[in-house]
Every structure is written in C-alpha cells, then in structure tokens.
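> Here is a sequence together with a model predicted from it:
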Amino acid sequence: MLDIKQIDKKWTLFLDRDGVINHEKHNDYIHTWDEFVFYDGVKEAIRIFSAVFNRIIIVTNQKGVGKGLTKIEDLQIIHSNMIKEIEIAGGKIDAVFFCSDLNDDSPDRKPNPGMGKKAIEQFPDINPQKSIMIGNTLSDMGFGRNLGTFTVFLPTTRPDVDTSDPRIDMTANSLIDFAEKL
C-alpha cells in the first residue's frame, strides 16, 4: 500500500475529467463551456496537487466528439478555459489528452493505457510506478492498473461501485478530500 505522505515532486498525477473535475451530465456529454461546472473544492485541490506533484495530466474519454455531438472546437475551448481557471486559482495542468474513438478496443480509450503512454512520450520524466490515477469509473481504475499506477476511486457518480474491486487501491470522497490527505 502506498504511503501518500511519501509523494514528492518525482510523482505524476493523472486525472479523469467528467465526474472528477466537473459535474457529469446524466446520459449525455458536456458539449460547451457553459455546461462545464467545477465540483466544489476542485480548484483548491489542484492548487494543492501542483505544490506536491511534478506533473498533472488529464486523461479523458470524449465519445461525444466521436459521435459528432460535441464539436472539437468546443472541446478545445472547454479545456482551455478549464486550465485558465485552474491557473487563476494557483494550480497547473501540464497536458490534457482525450480519446474521441468510439471503439472500446482503441489503444487510447480507457481502460487501455494509450493516453498515458502518450503522456510519457511527451514527458519522459513520468514514471508510472510513481504515478496516481484518480477517476470515478472502473474504466479509469483499469487505465491506472494497465499503465502501472496507484489508483484512487471517487464515487462521485457511481456510489454503487464495489470499492473492494482489485483495480481500486484507495477511495476518496472527492478531489479535495484526497488533496487534504497529502
């Protein structure tokens, strides 16, 4: 088990987006910036994470783009504005990777580790054994497991998930809940 007090600037934090950073839309996607709503405490949590972790990377499945429901330009605006608000609050995001592929066998679609591998290509100092993946789905936990990271599950949108699942190393109620444990 990881002693989270040992985390230092050699560590990387991977975050899912919808259901972790912002509220999800039930049976739909976040299509525009107007629909994007941060969870309470998220900006403060990422500010705390920025002082602890070397890198903070967002990895997000975005089927809405692949289905033609969300415009790529709108997704880029969402991510640009999200990063800007996080920076204003004193935090940082090093990169956002997204997968718009519809097929579950896509190497980039979580739980597959492709987005994590792309992050390592872009930032060779990332060590999966010194990385944490925080997400709100078992797919996120599978991504972490497949990449070789420690996993933290947030039951924000799926409180019925069995947290004894072997893909889950730790559970926290929210990002700020986890940040306050560091």
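Perfect, I can see it now.

> got a list of what residue 124 touches?
Residue 124 makes contact with no residue under the criterion CB atoms under 8 Å, 6 or more residues apart in numbering. Where you see a C-beta, it was placed from the backbone N, CA and C, and this is true even at glycine.

> Ranking helices and strands of the protein by mean pLDDT, which lands last?
The helix or strand of the chain with the poorest confidence is helix 63-66; it has a mean of 94 (mean pLDDT, DSSP states H and E).

> Residues contacting that helix, please?
Helix 63-66 has contacts (CB under 8 Å, 6+ apart) with 29, 30, 31, 70, 71, 72, 75, 98, 100, 101, 102.

> Swap in 6 Å and give it another go.
For helix 63-66, the surrounding residues in contact (CB atoms under 6 Å, 6 or more residues apart in numbering) are 29, 70, 72, 75, 100, 101, 102.

> which among the residues you listed end up buried?
Applying a neighbour-count criterion of 16 or more other CB atoms under 10 Å, the buried members of those are 29, 70, 75, 100, 101.

> JSON lines for those, including secondary structure?
As requested, these are exported to JSON lines (DSSP: H, G, I helix; E, B strand; the rest coil):
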{"residue": "29", "secondary structure": "coil"}
{"residue": "70", "secondary structure": "coil"}
{"residue": "75", "secondary structure": "helix"}
{"residue": "100", "secondary structure": "coil"}
{"residue": "101", "secondary structure": "coil"}
